[in-house]
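Q: Turn this into a model:
(one chain, ligands or ions: 1)
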Amino acid sequence: MCKDCFQQEIYSFSNELEYKRIENMVNELISSKTLEFIDYFKGAFSKPKFEIFGLGFGSETYHDYNEYECIVCNQKWKISYPDNAWRGFLLKSENYY
Ligand SMILES: [Zn+2]
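A: Residues are numbered from 1 along each chain as shown. Coordinates of the predicted model:
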């Protein structure tokens, strides 16, 4: 993390405005060549939420996200955008699997 990219992770955007602020930042950072788009990951898979005797119960839906890299500090960021009930997030890549 450096002063040129994001100052903090956001586990869940609290509202549309906060998301818009990040979206604008991403666009600015990309146009100033500070941030580089790396990849788009399609979510929409599920995995067991918990296991009992090796059997998984429940499922968790993962959401699409984009991955970016800061050219200055090489920190990779994953950004998932809000979609209906899904609030989206901004996380360091190593903190989201
Ligand atoms: Zn950075």
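Q: contacts and neighbour counts: CA atoms only from here.
A: Noted.
Q: who are the neighbours in contact with the nearest residue to Val26 once chain neighbours are set aside?
A: Spatial nearest neighbour of Val26, chain neighbours left out: Leu35 (7.3 Å); criterion: CA to CA, 6 or more residues apart in numbering. Contacts for Leu35 (CA atoms under 8 Å, 6 or more residues apart in numbering) come out as 5, 26, 29, 68-71.
Q: Flag the helix or strand of the protein with the lowest per-element mean pLDDT.
A: When the helices and strands of the chain are scored by mean pLDDT, DSSP states H and E, strand 46-47 comes last with a mean of 54.
Q: Tell me the residues of the protein that contact the ion?
A: Residues of the chain that fall close to the ion, judged by CA under 5 Å from the ion: 1-2, 5, 70, 73.
Q: Can you list the low-confidence ranges for the protein?
A: Scanning the chain with the threshold set as pLDDT under 70 gives 44-51, 55-62.
Q: What segments of it are strands?
A: 35-41, 46-47, 50-52, 55-57, 60-61, 65-70, 76-80, 89-92 (DSSP state E).
Q: and of the contacts of Leu35, the nearest to Ala85?
A: Nearest to Ala85 among the contacts of Leu35 is Val26, at 22.4 Å by CA to CA.
Q: And the closest one, how far from Cys73?
A: Here the criterion is CA to CA, to the nearest Å. By it, Val26 lies 15 Å from Cys73.
Q: Compare the two (neighbour count), which wins?
A: More crowded of Val26 and Cys73, by other CA atoms under 10 Å: Val26, with 20 against 14.
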